[in-house]
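*Asks:* Structure of the sequence below:
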Amino acid sequence: RRFGGVPAPSPPEKVMRSLRKAFRWWVALGLIGVVWAMGAKAAPVRVYVTEDGGGAVRDGTSWARAYASEDLRAAIQSADGTGGGTEVWVAEGVYVPTSVPGDRGASFVLKSGVALYGGFGGNEDQREQRDPKGHVTVLSGNVGDPATAADNSYHVVTAGADATAALDGFTVTGGRADGAGSEGCGGGMYNGSDSRSAVTACVFSNNEASDQGGGMYNANFSGPRVVGCVFTNNRTSNMGGGLFTGYQSSSEVTRCTFSDNEASYAGGGVYCQKGVSVAACTFVRNRAQFGGGIGVVGSVTVVNCTFADNVAHRGGGMSVSSSCTVTNCTFSGNRADDSACGGAMRLCLGSPRVTNCVFWNDTEGEIVADPDGGSSTPVVAYCVVQGGYDAATDAANHVVSGDPKLLGPADLGGGVATFALQEGSS
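*Replies:* From the prediction side, this is the model:
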């Protein structure tokens with residue numbers, strides 16, 4: 001038959017059309033499946049560890065069959081970091097990287113694709129149920145004689161892993177980096193140049209280094225993310241009592257508290273160099289020769305931070321030797337022991353830009369150029385500075401000297417302590 005002048009298709013042609021249509025559908029469904037498979041993320045494997053271990057069988061597959069403390073270091077290294085990775089759940093207790101006396105090189109080494117979580121009681125089935133403050137989980141460098149720190153690990157934790165590695169909810173203590181080279185840095189944690197690890201909600205306390213980074217050392221070109229951590233009572237004989245970050249490190253330090261740390265030279269709380277971002281952190285009662293709270297060299301960004309009661313020979317709150325940016329920060333109660341050398345901020349080199357900050361009740365000057373340092377050409381604008389900064393430029397740069405009526409410091413909901421402004425603040 002002819003249909004509208006067009007010959008009716010033969011039965012074989014009808015079959016071919018049906019096959020082609022079916023083929024197109026199968027191809028489309030196949031592509032959808034591939035896209036779904038690429039987007040789907042496998043669930044991480046869980047490994048369980050308790051201080052004393054589980055029962056007779058300890059393979060880490062459940063709390064009842066948990067690895068013991070002496071197995072933690074090996075469990076991290078044997079964990080599968082591919083696919084969905086592995087979560088190592090660690091219950092409250094004290095864990096050391098080795099039971100061999102004198103093995104000071106022993107360390108908990110982070111691994112790409114493996115996340116360590118502390119703060120468990122030992123019966124949880126959801127990660128959100130843990131409580132790091134209630135179930136304190138300690139990684140300790142006290143590997144030898146518990147009565148002395150002289151034989152402690154050089155680094156409690158070591159990392160050279162990518163951003164899929166994580167340390168979350170631990171107290172890191174007892175590291176003593178008093179060796180040569182890298183063994184003189186990072187008593188609590190040593191981040192190598194390849195490290196991009198995430199460190200969250202950890203406490204670094206009572207760690208030491210003979211060179212740099214008592215609590216944590218971030219090597220040149222490293223880029224760990226440090227969020228919501230506390231650094232307290234760490235010491236170094238050189239720079240960065242709490243934390244040291246090297247040149248061109250892209251480290252991000254956010255919502256951390258640095259208290260009672262000490263550096264014999266610079267940066268009692270933090271010493272940081274070009275590339276680092278420090279945001280929403282609090283520095284209190286830290287000490288150093290230069291920069292009790294923080295020592296800055298290079299294009300560093302410091303924003304929304306609080307500096308209170310820090311002490312240094314020069315630059316009680318901050319010592320600046322660079323063209324850094326300081327924004328939305330408050331300095332109060334800091335002290336320089338050297339006369340007129342910057343209770344709040346010491347300027348040595350560069351052209352720092354200081355904007356929307358408060359400088360009040362600091363001893364030996366608020367913002368002071370070091371008389372023995374190099375030339376510094378800062379821009380101070382939209383700030384409250386007790387006594388003013390520069391009478392020739394204050395009006396044009398919107399610098400005022402009225403009482404800001406600070407109250408605090410206290411945690412106002414951001415997780416770290418800061419100052420509130422009372423009614424009538426300037």
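
*Asks:* Quick check: Glu70 is in a helix.
*Replies:* Yes. Assessed with DSSP: H, G, I helix; E, B strand; the rest coil, Glu70 lies in a helix.

*Asks:* Test my guess that it contacts Val94.
*Replies:* No. Using Cβ atoms under 8 Å, Glu70 is not in contact with Val94; the gap is 11.7 Å. The way it works is simple: take the backbone N, C-alpha and C, and place the C-beta from them, glycine included.

*Asks:* what's the helix or strand for Ala75?
*Replies:* Assessed by DSSP states H and E, Ala75 sits inside helix 72-78.

*Asks:* Give the buried residues for that helix.
*Replies:* For helix 72-78, burial by neighbour count (16 or more other Cβ atoms under 10 Å) applies to Leu72, Arg73, Ala75, Ile76.

*Asks:* Can you give the strand pairings for the next helix or strand after it, parallel or anti for each?
*Replies:* Per DSSP H and E, the first helix or strand lying C-terminal to helix 72-78 is strand 86-91. With DSSP bridges as the test, strand 86-91 is paired with strand 45-49 (parallel), strand 114-120 (parallel).

*Asks:* In TSV: the buried residues of helix 72-78, plus distance to Ala159 and pLDDT.
*Replies:* Conversion of the buried residues of helix 72-78 to TSV gives the following (distance: Cβ to Cβ, whole Å; pLDDT from 0 to 100):
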residue	distance to Ala159	pLDDT
Leu72	15	98
Arg73	14	97
Ala75	16	96
Ile76	11	97
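
*Asks:* Could I get the average pLDDT for stretch 241-259?
*Replies:* Confidence for stretch 241-259, expressed as mean pLDDT, is 96.

*Asks:* For that stretch, measure first residue to last.
*Replies:* End-to-end distance for stretch 241-259, by Cα to Cα, to the nearest Å: 10 Å.

*Asks:* Stretch 226-246 too?
*Replies:* First-to-last distance for stretch 226-246 - Cα to Cα - comes to 15 Å.

*Asks:* ditto for stretch 382-402
*Replies:* Using Cα to Cα, first and last residues of stretch 382-402 are 13 Å apart.

*Asks:* And stretch 140-153, how far out from the chain middle?
*Replies:* Distance of stretch 140-153 from the chain centroid (Cα atoms, centre = their mean, to the nearest Å) equals 25 Å.

*Asks:* nearest to Arg130, of the strands paired with strand 86-91?
*Replies:* Closest of the strands paired with strand 86-91 to Arg130 is strand 114-120, at 4.1 Å (criterion: Cβ to Cβ).

*Asks:* in its sheet, what does whichever helix or strand comes after the closest one sit against?
*Replies:* The helix or strand immediately downstream of strand 114-120 is strand 137-140, counting by DSSP H and E. Paired with strand 137-140 in the same sheet, following DSSP bridges, are strand 93-95 (parallel), strand 171-173 (parallel).

*Asks:* Can I get strand 137-140 in PDB? Just the C-alpha atoms.
*Replies:* This file holds the C-alpha atoms of strand 137-140, laid out as PDB (Å, rounded to 0.1, in the frame of the first residue of the first chain):
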ATOM      1  CA  THR A 137      41.000  10.800  74.500                       C
ATOM      2  CA  VAL A 138      44.700  11.400  74.900                       C
ATOM      3  CA  LEU A 139      47.500  10.800  72.400                       C
ATOM      4  CA  SER A 140      50.600  11.000  74.600                       C
END
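
*Asks:* Relative to the helix or strand following that strand, what are the paired strands and their orientations?
*Replies:* Downstream of strand 137-140, the first helix or strand assigned by DSSP H and E is strand 157-159. Next to strand 157-159 in the sheet, as set by DSSP bridges, lie strand 108-109 (parallel), strand 189-191 (parallel).

*Asks:* which residues does Gln422 contact?
*Replies:* Lys405, Leu406, Leu407 (Cβ atoms under 8 Å, 6 or more residues apart in numbering).

*Asks:* For those residues, point out the one with the lowest pLDDT.
*Replies:* Lowest-confidence member of those: Leu407, scoring 79 (pLDDT).
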